[in-house]
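J.: Could you work out the structure for the sequence below:
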Amino acid sequence: MKNLKIGKRIGLAFGAVLMLFLIVSTISVVSLRQSNGKFVDFFNNGHQVTVQVLEMRRDIQSAAKNVGYATMSLDLKTTGGYVDAAEADLEDFQKRMQFLKENYRGDQSLVNSIEGTLNEAQTYKEKVFGLARENKTRQAADIYFESLDPYFTKIQEDLATISDSANKYAVDNYENAQKLVGFTLTTVVALQILAILATLGFSLYTTRSIVAPVKEIEKAAEEMSKGSLHVLLNYQSKDELGSLAESMRTTISNIGNMIDDISNLLGALAMGDFQVGSKYREQYVLDYEPILLAMRGIRNNLSEALSRINQSADLVANGSEQVSSGAQALSQGAAEQASSVQELAATISDISNQINTNAQNAKEARFQSEEAAENVAKSNKKMSEMNQAMTKISDKSNEIGKIIKTIEDIAFQTNILALNAAVEAARAGEAGKGFAVVADEVRNLASKSGEAAKNTTLLIEESMQAVENGTRITAETTHAMQAVVEGSRRINSIIEEIALATDRQAVAVDQVAQGIDQISCVVQTNSATAEQSAAASEELSGQAQIMKGLVQGFKLYDGEKVETALQSKADANSGNIRPEMPAFSEDQEDPVITIDPVYFDEPTSFGGGKY
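T.: Presented below is the predicted three-dimensional model:
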């Protein structure tokens, strides 16, 4: 792994991480499909069966009610309508019976029992319906209550048993699905933790394999940046970092050789010997070549400069009188500058006051904007609370609707009981007349209760529609308030930027004012200096003579003659080329550089510190 390229190492690490991710994803998908199957089975074979059984119970109940109405009706057309309604209810029951046979997972004997009971009741049903259509309601009622009604009751009991069984199946299936979801969640979390740990392991290994050599190279570069070439760089590899380390070692060696050479050259120049040359000329290649050319330029230019200084010393004496005249003119100009500087200082002061006023106004505007944004945020919060309250009203209306549905069912049952009581009273003759009156009143009350429940349902539906409209308007208002809050925040940000810019302008103006004060001081100093320049010009002539004597102490460069001699000395000492820079440990003492006597009359040492 160490000799692999960095790109391949990173690719292998990410490939392993991707593989773990695919494993976790596959397990998650499979588990989700199993959970989905459980929930689908719960819906189709549990929930739907319960719903269909409830509808079947309602069909039987509705059929019984219509048969009862048919046996009590005196109008042949009305009786036919009740009989048709009862037949329609039984047809719906038969259709739902087919669904129950296909999807019920409980005791099939109950389904068979219902089907058998329905077949046994078929004969009595046809008799009752036939007598009712012939307007023989009394005979139809007798057959209904003596023979057909017990079958309907038996079917209701079997349906209740199936409903309980379907509910239990649905609950068990739902619990199993929940357990599967929990197991899936635990498995996926465990695999994710394993994947994270593996990812961390791969990341740490890859990071360390890259960071360790980088830190070693970084430390070497840091030591070089501090001026030390005594660095330990042992990392070796066939990857990019190994190539970089090898290049660093070569660079350290070459720079060390050139520093030795530059030290020798500068040392000779410092002692006044301009007839010196380089002994590592072959090291100065490409971007290093300008260094050698610059050293030669320094030597040649300094030699030429000193020669010209000797010539200029004569000119300095002649220019002393001109300097004196210029100093007087400078003094007069300095006085005029001082007046202009005072006027500029007054103008800058006015600008500073205006900027400070702008800064104060910007801060006040920012405060007002923040207060407005806070008020809008409070309003937005109140709108959210109102929205929640309207949602609660809608939920309560739904619950009231359920209660009213229950009232309708009770009214319906009461009506059926009243009908049955009326039939029994009719059969009782004179003794049942009072009971018939009571039954009729009970039926009227049941009808009124049902009508009131329907009216209440309509009112609740209208209330829910109004609540829905209010919720929609509240949501739109909340969205608009949020947009206002966002706009206030942007305005506040812009005002804050204006305040910061104004503060920076104030600081800049203060700095300008300070600069003008400094200019004023400089102008006054220039005036005094001009007066002193006249006196100093008299000294220039004497100093020029001294300078001329100093220049004569240097051994100046003399063109091709000196260059030929230096080349001969360098060729004779070509064996003195510095070997490749070895690796140094931190506990080694710094070397002492000694300049070769070929360049100087005697050996000269420089420092003992790191170079």
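
J.: And the residue nearest the centre of this protein?
T.: Nearest to the mean C-alpha position of the chain, by Cα atoms, centre = their mean, lies Glu486 at 19.4 Å.

J.: In stretch 495-502, which residues are buried?
T.: Ile495, Glu496, Ile498, Ala499, Thr502 (16 or more other Cβ atoms under 10 Å). (Glycine included, C-beta is placed from N, CA and C.)

J.: List just the nearest of those residues to Gly470.
T.: Ile495 (36.5 Å; Cβ to Cβ).

J.: picking up where we left off before, what about the residue nearest to the centre of the chain, distance to Ser369?
T.: 13 Å (Cβ to Cβ, to the nearest Å).

J.: now do Ser243
T.: Separation of Ser243 from Ser369 (Cβ to Cβ) stands at 59 Å.

J.: So which of these two has more stuff around it?
T.: Ser369 (19 against 11; other Cβ atoms under 10 Å).

J.: Now do the SS call for the more buried one.
T.: helix (DSSP: H, G, I helix; E, B strand; the rest coil).

J.: do the one 4 residues further on as well
T.: When classified by three-state DSSP, Ala373 comes out as helix.

J.: and if you look at Ser278?
T.: coil.

J.: so what's it up against?
T.: Asp261, Leu265, Tyr284, Leu292, Met295, Ala570 (Cβ atoms under 8 Å, 6 or more residues apart in numbering).

J.: List the ones among these that fall in helices.
T.: Asp261, Leu265, Leu292, Met295, Ala570 (DSSP state H).

J.: Would you quantify the distance from Glu126 to Thr137?
T.: Distance from Glu126 to Thr137, by Cβ to Cβ: 16 Å.

J.: Mind telling me what element the residue lying closest to Met97 once chain neighbours are set aside is part of?
T.: Among residues not flanking Met97 along the chain, Glu115 sits closest, at 6.6 Å (Cβ to Cβ, 6 or more residues apart in numbering). If you go by DSSP states H and E, Glu115 is part of helix 108-133.

J.: From the contact counts, what lies against that helix?
T.: For helix 108-133, the elements it packs on are helix 48-72, helix 76-103, helix 137-143, helix 149-225, judged by 3 or more Cβ pairs under 8 Å, 6 or more residues apart in numbering; DSSP states H and E.

J.: Now do Glu462 against Thr391, distance only.
T.: For Glu462, the distance to Thr391 - Cβ to Cβ - is 18 Å.

J.: List the buried residues for stretch 370-381?
T.: Result for stretch 370-381 [16+ other Cβ under 10 Å]: buried residues Glu370, Ala373, Val376, Asn380.

J.: does the third one really touch Ala483, like I thought?
T.: No - the pair formed by Val376 and Ala483 falls short of the contact definition of Cβ atoms under 8 Å, at 9.9 Å.

J.: joint contacts of these two?
T.: Common neighbours of Val376 and Ala483 (Cβ under 8 Å, 6+ apart) do not exist.

J.: per-residue confidence for Thr604?
T.: pLDDT recorded at Thr604 is 37.

J.: Quick check: chain neighbours aside, which residue is closest to Ala439?
T.: Ala421 (3.7 Å).

J.: ok now whatever helix or strand that neighbour lives in, how far from the chain's centre?
T.: Using DSSP H and E, Ala421 maps to helix 289-428. On the basis of Cα atoms, centre = their mean, to the nearest Å, helix 289-428 sits 21 Å off its chain's mean C-alpha point.

J.: Next: stretch 419-430.
T.: For stretch 419-430, the distance to the chain centre is 78 Å (Cα atoms, centre = their mean).

J.: ok, now stretch 211-223?
T.: 34 Å.

J.: buried ones in it?
T.: Neighbour-count burial for stretch 211-223 [16+ other Cβ under 10 Å]: Pro213, Glu216, Ile217, Ala220, Glu223.

J.: quick one: which of those residues is nearest Ser340?
T.: Glu223 (54.6 Å).

J.: Check the gap between that closest one and Leu229 for me.
T.: From Glu223 to Leu229 the distance is 8 Å (Cβ to Cβ).

J.: before we move on, what about Arg96?
T.: 96 Å.

J.: swap in Asn103?
T.: 88 Å.

J.: quick one: which of the two has more around it?
T.: Leu229 (17 against 14).

J.: any idea how far Asp287 is from that one?
T.: When Leu229 is compared with Asp287 (using Cβ to Cβ), they lie 18 Å apart.

J.: Same check on Gly450?
T.: 103 Å.

J.: With Ala195 instead?
T.: Ala195 is 49 Å from Asp287, by Cβ to Cβ.
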